[in-house]
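K.L.:
Here is the input, now give the coordinates:
(3 chains)
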Amino acid sequence: MSKYEYIPEPALVKGNHDFASITKLVTDVNLRPTPRNWYLAMLPANALLGLLLVSIGYLIWEGTGVWGLNNPVGWGWAIINFVWWVGIGHAGTLISAILFLFRQDWRTAINRFAEAMTIFAVMCAGVFPAIHVGRIWVIYWVFPVPNQMAMWPNFNSPLLWDVFAVSTYFTVSLLFWYVGLVPDLATLRDKATDKIRKVAYGLFALGWTGSSRAWWNYEKAYMILAGLATPLVLSVHTIVSFDFAVSMIPGWHTTIFPPYFVAGAIFSGFAMVLTLMIVARKIYGMKDIMTDDHMEKMNIIIMVTGSMVGFAYMMEFFIAWYSGVEYEKAIFMLRATGPYAWAYWIMMFCNVISPQVFWFKKLRRSVGFTFFISIVVNIGMWFERFVITVTSLSTDYLPSSWDYYSPTAWDVLTYVGTFGLFFTMFLLFLRFLPMIAIAEVKLVMPQGDPHNYDDETQEYHPHVEEVPQPKAVKA
Amino acid sequence: MSELTQKTYWKSLNELAQNKEYEKFVEREFPENATELSDGFSRKGFLRVMGASIALAGFAACRRPVQKILPYSKQPEDIVPGIPLFYASAMPFQGNLTGLVVENHEGRPTKVEGNDLHPASGGNTNAYHQASILEMYDPDRSKYPVRNGAKSSTADFHSFVADYFADTNKRVAFISEANSSPTYNGLKEEALNRFDNAEWVTYEPFGEDNSIEGNNIAFGRRVRTHYNFTNADIIVSLDDDFLAPTHPNNVEYAKQVTSRRKVTSQQDTMNRIYSVENGFTITGSYADHRMRVKASEMADFANALAATLSSRISGLNSFSSVNNKFTGSEFITVLADDLASNSGRSAVSLGFDYAPEVHAVVAAINSALDNYGTAINLLQVPHFDNQNNKTAFANLVSSISDGNFDAVVMIGANPALTAPADLNFTQALSGADEVFHLSTYNDETAKTASWHVARSHYLEAWGDGYSFGGARAVIQPQIQPLHDSLSEIEFLGAITNAGKVSGYDMVRETFSSFYSRNFENRWLDILHDGIDVTNGFSTVNRSARNVSPAPSTAINEIEVVIKPDNSVYDGRFANLGWLQELPDPITKITWDNVALLSPATAESLGIGTEDYLGKAKQPVLNIAVNGTPIKLAAWVQPGHADDSITVHTGYGREGIGRVADVSSESSQLFDPETTSGGVNVYPIRTSSSMLFAQAGVSVTGEKYSIACVQDHHSLEGRDMYRQATLAKYKEKADYASFESIHKYAVPGMKEAAELGEDQPISLFNEQTAVEGEPQWGMAIDLNACFGCGVCIIACQSENNIPVIGKREVERGRELHWIRNDRYYMGDKENPQAVHQPVPCMHCELAPCEQVCPVAATTHSDDGMNQMTYNRCIGTRYCANNCPFKVRRFNFFNYPKEYLTSGEDPDIIQMAMNPEVTVRFRGVMEKCTYCVQRVNREKISAKIETGSPKPADGTVQTACQQACPADAIYFGDLTDENSEVTKMKRNERNYLMLEELNVRPRTSYIAKLTNPNPALVKETNEEYAH
Amino acid sequence: MSTTESKNLYGILAEFKNPKALVDASAKVVEAGYDKFDTYTPFPVHGIDKAMNLPKSKLGYIVFGHALLGFSGAIAMMYFMSVIDYQINISGKPFFNAPAWVPITFELTVLLSAFGAVFGMFFLNGLPKLSNPLFEVERFKKATDDGFFVCIEAKDSKFQADLVRQLFEEAGATHIEEVYEQ
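P.N.:
Have a look, this model is predicted:
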């Protein structure tokens, strides 16, 4: 027996499924009558959504003053939440696009899911820049549309770059998602029995037949989109980080921000996907498709990105010291020891310490534990944004203007409200759209590959790995 | 950076880290949340406050304001809509006039400036003068006479007094504010002649009575001590805060003192100021040497000083035997040497409220030093009563309560509030059957009067009077009285000659008596110039007779010291939102009075002294003076004398107005302490304790939140504020340059030098100045600024800046366009306090501009950083990116409530400066370098000369024009000979945060101190910055 | 479905049992020289493009065109707005502030390309096309589930119903039927 032992790649789809059963498994969720629990879940979600609308209404009625902002601290929870949500919104397109380019077939289990999450997260994010301005009724001035002042926006402003970046990101993610959906919508159209579904799904399927000539262009388009989306994902959070990095406030004005924001975004994004996936696959019994192997792979990514973020934190300190700029040095000491030290150490624990547990395979594969960490990580990432935004502003150059910032009830309620928006959208998605890319899963099933068929009989026989045997060395 | 500040730096941080924040976090988060939930109400609260402060008004305040405007059907002469007119007038304060020039728009006064022909003003003003415009338009002002609580009219009043005072045997007690008006004092004589059984007492709660009595002891004459600090090389202030607006002559004094500290070259000299005081006063913060002495020990100190001097100069032998804790102390010895070697060129001054005996001692010292005639003058003031008014007042009150008077006539003054508590003034009044009271507000005294008469504002009525130094002037009304009110002379006139005589006739008559011939022209000149004679008082030349040491008043336990407040004085300005919200020059507290005590005393009482960021709830003290307690929030004041507590008067009012009243409107669920308006401390001020008293002090469990605009008081060893001693300056002229502080050049300059450029290298070739346009710049002389804060009020008045109320200030949303930063330096027990006014820096490469997504803040051709309100969408990014944090945001629609509230908002709107937009909710605002004034001058220059460059000095920003220290220079940088260019060429000129290369147009002239070498400690070495 | 002669033939549809069979079949169809035919699968099948010898997709060019449009459009817009139409001095920066324009240029390029890719693809595939004779075939519903179909259209010059049927049978079709136009 050889000293080598071959461990084959785990199958992407567990259980013995054929094409039909996969189709059934996924489409049933959308086609069967709405379960009672779905309504039960929708209730709190809508309640929170209502809360969001109320707090936004009150904000617009009274003015920005209902938030806890003050003179040095012009940005508070609103911007923190914006960055946080956008960060979460990165996993989706990233999983789809980058993993697609890298031919990581395991993505098929979660990409639909993750993309949906992306779109809803970006929606939640989009709420904040819109409402945080003092005069919401003229927010449209940030777009280059002709107006009574004959003025144009200021293209030097990172905030304006943000407008373009985030809206582009949202549009492209939406298209990407929709393109992926078209074949599955066709499947639903053909599976549907009642008129309304037939028509609705049929409409959005655009009359897709599954023609190979269509597939031919389709795959090309999908590949190009993936190629476009990948740099886009990176650019978007880079530009979000510019909001800080391009300013001149100590602790903001750092070149490390773009990479470290992107790492953080992937970090929190994957965590969020896990949180949702673990719940959804349990409820909808998708364990066969969203397997523990997927979970493990994602945990590894979380661990890696988490460590990258941790490295960035230390690098910031080092550079602050190395630069010799007294304001830089001061702000980082203040973060760790100053009025907001509590927030800093929460961040450190959640983002840097907690993911390290994934060095252990046992924990990587433990569902409950992964779920817990995935939440801890997102708390940590929220605090990272808090530390960056608030500490730098509250204690910047002139000690005379230093002031402490604390949120008001309305800051908190607005944030909580966005979860209402998110989950409402997500529940609608789970109910009415295939949460798994059916066609893509079939594609990566062994049965999907003609090479796994006998040339003569055309019968399916799974392809066996050639285990290389080491040659015996002559004495 | 200095070792020492460095230490305190980390120290304070550790303190911050000591889990204080965790508690604070919990403690803070929830109350705040809760407070916000009921924000609707709370806004009512502070908007109610705003209601009484005109700065909030303006036509842009509603989103779509509907205002009817009417054209002149007949164009009045001289009035061109949009072109302001300026008329001379003068403001009386404690009976002393300060000459003013009042800006009128279409017939309504909108702003007061100093009258440079008037010696008490010299063209400048103090915060009270600036805020007086607000007083006239105050909707809470008394609007009509009140007869036994019912609305009445001046007509009724006239007819009533006509027959009531027909009987000249009426026993009448007159209680009057200090008033220097010749007309008024003429009427006073008439009154005393007319009523045989009349008595007249002049009552001022913080008047100069004691100093007059002191002079009476020393010189046998009731004369006024008038300093001429320009002739004083050495100034010793014994707790005399002559730089603060609370001093009736502070503008003139400030000009004199600062004029001797304007250093432009290494050859120049400076005066030297010693300050001996218990609390931290503005004067103390401006002094070169400051010694902490309990108020109750001031007598001992004065004696000891005289004693120490007696061995050096003649005339103080009676003190040679004095021996107390101060004799032989290093400070007093050095001080005595310095004085002795500068006799004839020095001045020792003492706070008004110290006992006459102590004033006598100081008089003796000055006399022995030959300072009279040079640095000090004794003025024979014609209108002084020939009696000790303090005792006279006490006697009068008791005889009133004994029923010896039929009528009490009070002209101004508010004794029901301010009279010594032990006199029970209010009860005493019940002894008389008629009580007449003339006052601006329906105040505590007015409520006790059977006849309250609304008093005309000085801008509404004719009057006259003398300045502190004796300059005679006419008070010229700018507008018809807004309400049914009478001026002092009209009121008194009605009572004495029982007939209605117009103020104008009376004043004119008085002045015609001064001039036998050619009166008409003279009269016109007087009205035009706003000044008649510059010196109307004759000087007395006497030397002090043998003055004996003042009796010691030392208190060994904790003393409480009662002083008039910098903002609201004795309470008369309590309803002026501008002053209420003006941060105290030293503590930076708004809206409240506190009990100031030293860190050591605080610790002995068990009060924490570490400073942390954020809303700090202050522990409330119980301060009892012989049995009478008051509750007041404690505030740790570095540099305060130990075992001494300073409290300020004028707060804790009821039923005065929306601003003054103690309101718990803004108080919130979970947060009952958030009230504003402070605490009334008069109950502990008795005849025996007019200035200080022994106090029993205990810490109550309660907490009270204080709205302070500066939460951090150490410079953290940073270089925003730079200073050196005069000696150091003479060694090293450029001590304040970036290089001499950091020991390396500004980043990018070396490379630039190689390229032969004078600005740090940059990616872009920047466009900073446009040819043919003036380039505006400002320089602020830190050596002149003593931190009074008049610039803030002047700016507020000029630029229609709202008052936002205590809760908003508490949340750190102060809206002032120019702020005055105050840092403590040196050791914690007795630090140096420095002041630094910070307006917008108008950076040439303004970081705020490039981050605005909608280009709402941009750069003008004449180099100003401009804010376009109606383009602003309110992202607040510009404020975040401003390294100087000078941008201010309208978090709420501050003006709106105001415009729609109050009985007659139209009156309020009249005070607005029509040349400045009122900002709507959600937009950013900031200092504009008074762009409206700049453009007015640019236009007229263009019309006259064809060039948009006005002559130097024609453009003055509001802050610059008001500043009595002339600390602010503003002008065209393209003009090689403009004042500002000259200042910027000075070696002491430096830029804040120069290394950021934002190229501020506002620069600072580094501070100089002139310590006595004999007292210089090594610690002064760290004064590099 | 009964053969009512009134309707005219659209083509003949054959189902095959698995991807492999389909690939082989389509190869045969090409051999036989048909070109108006297509195969229908629930997912893109490897190698079918060779078997059907499909031409290279033109999508690339469409996307590139859009990319150029986005890139030049972005620069043109910003240049017009901040250099030509309304010059404003911002922080003393030059009006043509190239570095600051990079992000927006990039974003708009990506945005336009994405539009090109998606709508170009739909255009090339003739979508949306909501009515299609194939949808009339009940069995064709499997095409989006687990069915693998070939359809030779009547339009084809070589089309002869019986020959086509024969071809399919030889190729081992599990089911054959005519498809009629509406």
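K.L.:
What does the pLDDT read for the residue in chain A that chain B sits nearest to?
P.N.:
For chain A, the residue closest to chain B is residue A:134, as judged by C-beta to the nearest C-beta, at 2.0 Å. C-beta: built from backbone N, CA, C; applies to glycine. In this prediction, residue A:134 carries a pLDDT score of 91.
K.L.:
Hmm, residue B:925 and it touching each other?
P.N.:
No. Residue A:134 is not in contact with residue B:925 according to C-beta atoms under 8 Å; the separation is 11.1 Å.
K.L.:
what residues do these two have in common as contacts?
P.N.:
Here residue A:134 and residue B:925 have B:889-890 as joint contacts, going by C-beta atoms under 8 Å, 6 or more residues apart in numbering or on different chains.
K.L.:
show me where chain C has helices.
P.N.:
Taking DSSP state H, the helices of chain C run over residues C:19-31, C:48-51, C:59-79, C:98-124, C:161-171.
K.L.:
Those: which one's closest to residue B:891?
P.N.:
Taking C-beta to C-beta, helix C:98-124 is the member of the helices of chain C nearest to residue B:891, at 30.0 Å.
K.L.:
So for the closest one, what gets flagged as buried?
P.N.:
Within helix C:98-124, the residues scored as buried using 16 or more other C-beta atoms under 10 Å in any protein chain shown are C:100-101, C:103-118, C:120-122, C:124.
K.L.:
which one in chain C is furthest away from the centre?
P.N.:
residue C:92 (51.7 Å; C-alpha atoms, centre = their mean).
K.L.:
excluding its backbone neighbours, what's nearest that residue?
P.N.:
Of all residues not flanking residue C:92 in the chain, residue B:766 sits nearest, at 3.8 Å (C-beta to C-beta, 6 or more residues apart in numbering or on different chains).
K.L.:
Next up, the contacts around that neighbour.
P.N.:
Residue B:766 makes contacts with B:844-845, C:92-94, as judged by C-beta under 8 Å, 6+ apart.
K.L.:
give me that answer again for 10 Å
P.N.:
Neighbouring residues of residue B:766 by C-beta atoms under 10 Å, 6 or more residues apart in numbering or on different chains: B:759, B:844-845, B:997, B:999, C:89, C:91-94.
K.L.:
List only buried entries from the residues you listed.
P.N.:
Buried residues within the contacts of residue B:766, counting neighbours by 16+ other C-beta under 10 Å: B:844-845, B:997, B:999, C:89, C:91-94.
K.L.:
out of the residues you listed, who's nearest residue A:332?
P.N.:
So of the buried ones among the contacts of residue B:766, ranked by how close each gets to residue A:332 (C-beta to C-beta), first place is residue B:997, at 22.4 Å.
K.L.:
Quick check, the closest one in contact with residue B:762.
P.N.:
Yes. In this structure, residue B:997 is within contact of residue B:762 by C-beta atoms under 10 Å, at 7.2 Å.
K.L.:
Can you pull the residues that touch both of these two?
P.N.:
Residues touching both residue B:997 and residue B:762 (C-beta under 10 Å, 6+ apart) are B:748, B:845.
K.L.:
pLDDT below threshold where in the chain?
P.N.:
Picked chain A for this. Under the criterion pLDDT under 70, the flagged ranges of chain A are A:1-8, A:463-475.
K.L.:
ah, no, chain C please
P.N.:
Low-confidence segments of chain C, defined by pLDDT under 70: C:1-6.
K.L.:
swap the cut-off to 90 and go again
P.N.:
Flagging of chain C using pLDDT under 90 yields the residue ranges C:1-39, C:42-58, C:91-93, C:97-98, C:125-148, C:150-182.
K.L.:
Would you mind giving the domain segments of it?
P.N.:
C:9-55+C:129-180, C:59-124 (automatic domain parsing).
K.L.:
So for residue A:262, which of those sits nearest?
P.N.:
That would be, of the domains of chain C and by C-beta to C-beta, domain C:59-124, which comes in at 14.5 Å.
K.L.:
would you list every one of the helices in the stretch 351-475 of chain A?
P.N.:
According to DSSP state H, counting those that start in this stretch, the stretch 351-475 of chain A carries its helices in the segments A:361-364, A:367-386, A:392-394, A:409-432, A:438-444.
K.L.:
what's the residue nearest the centre of chain C in contact with, if anything?
P.N.:
For chain C, the residue nearest the mean C-alpha position is residue C:125 (3.3 Å; C-alpha atoms, centre = their mean). Residue C:125 sits next to A:182, A:206-209, A:211, A:213-218, A:221, C:59 when contact means C-beta under 10 Å, 6+ apart.
K.L.:
Ok, residue C:68 next?
P.N.:
Counted by C-beta under 10 Å, 6+ apart, residue C:68 has contacts C:109, C:112-113, C:116.
K.L.:
near chain A, from these?
P.N.:
Applying C-beta under 10 Å from any C-beta of the partner chain to the contacts of residue C:68, one finds that C:109, C:112-113, C:116 fall near chain A.
K.L.:
what about residue A:125, which SS state?
P.N.:
helix (DSSP: H, G, I helix; E, B strand; the rest coil).
K.L.:
Kindly export the longest strand anywhere in chain C (C-alpha atoms) in CSV.
P.N.:
Longest strand in chain C, counting residues (DSSP state E): strand C:9-16. Once non-C-alpha atoms are left out, strand C:9-16 reads as follows in CSV (Å, rounded to 0.1, in the frame of the first residue of the first chain):
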residue,chain,number,x,y,z
LEU,C,9,-45.3,22.5,-40.3
TYR,C,10,-42.7,24.4,-38.3
GLY,C,11,-40.2,21.5,-37.9
ILE,C,12,-39.6,18.1,-36.4
LEU,C,13,-38.6,17.8,-32.8
ALA,C,14,-36.7,14.8,-31.4
GLU,C,15,-35.8,14.1,-27.8
PHE,C,16,-32.7,12.2,-26.7
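K.L.:
Please name every helix or strand in contact with it.
P.N.:
For strand C:9-16, the elements it packs on are helix C:19-31, strand C:37-40, strand C:148-153, helix C:161-171, strand C:175-180, judged by 3 or more C-beta pairs under 10 Å, 6 or more residues apart in numbering or on different chains; DSSP states H and E.
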